[in-house]
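Student: Okay, sequence plus prediction incoming.
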Amino acid sequence: MSYNKKPENGKDTRFKPGISGNPKGRAKGKRTLSSVLKEFMQLEVVTEVEGIPIEQEVQYIIAKALIEKAMKGDIRAISEIFDRIEGKPKQAAMQESEGIVINIVPRRSENTQESENQS
């Protein structure tokens, strides 16, 4: 069977109807990337603030760095902060404006007019 060609009716295909291509699914206990990242974001690490060691969560340190970039005028950082706090803005829907309606009617060719006149 070629990858670019569809099989003919009645021919064997790679996947059978009603049978999962991944019957076992994701292994139990296997963590997703997002769950691992969330776990790391809550870890407390020791950082120095003005020479004094302070224990802070990783997410706090990242948020602080993002805010510092925004305060320096980084547009991406500012946008990220507002998107996280307010939610991403909805895309504006196209609104129909009141306007002129123009009907375009195709012209009849001379051959078409002659054949209609002969009928």
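Tutor: Everything's here; your move. Numbers count the residues shown, from 1 in each chain.
Student: so Phe82, which of the three states?
Tutor: Reduced to three states with DSSP: H, G, I helix; E, B strand; the rest coil, the structure at Phe82 is helix.
Student: tally of neighbours for it?
Tutor: When neighbours are counted by other CB atoms under 10 Å, Phe82 registers 13. The C-beta positions use only the backbone N, C-alpha and C, and glycine is treated the same way.
Student: do Val49 as well
Tutor: Val49 has 9 neighbouring residues, counting by other CB under 10 Å.
Student: Bridged to it, which residues?
Tutor: Ile52 (DSSP bridges).
Student: Run through who's touching stretch 20-39.
Tutor: Phe15 (CB atoms under 8 Å, 6 or more residues apart in numbering).
Student: Alpha carbons of it, in CSV - could you do that?
Tutor: Output of stretch 20-39 as CSV, limited to C-alpha atoms (Å, rounded to 0.1, in the frame of the first residue of the first chain):
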residue,chain,number,x,y,z
SER,A,20,-8.0,1.7,18.6
GLY,A,21,-4.6,2.4,17.2
ASN,A,22,-3.4,2.9,20.7
PRO,A,23,-5.3,0.3,22.8
LYS,A,24,-3.3,0.7,26.0
GLY,A,25,-3.3,4.5,25.9
ARG,A,26,-0.8,6.5,28.0
ALA,A,27,0.9,4.5,30.7
LYS,A,28,-0.6,4.9,34.1
GLY,A,29,1.5,7.2,36.3
LYS,A,30,3.3,8.8,33.4
ARG,A,31,3.2,12.5,34.0
THR,A,32,2.5,15.1,31.4
LEU,A,33,4.8,18.0,30.6
SER,A,34,2.3,20.5,32.0
SER,A,35,2.0,18.6,35.3
VAL,A,36,5.8,18.4,35.7
LEU,A,37,6.1,22.2,34.9
LYS,A,38,3.4,23.0,37.5
GLU,A,39,5.3,21.0,40.1
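Student: Brilliant, that's me finished.
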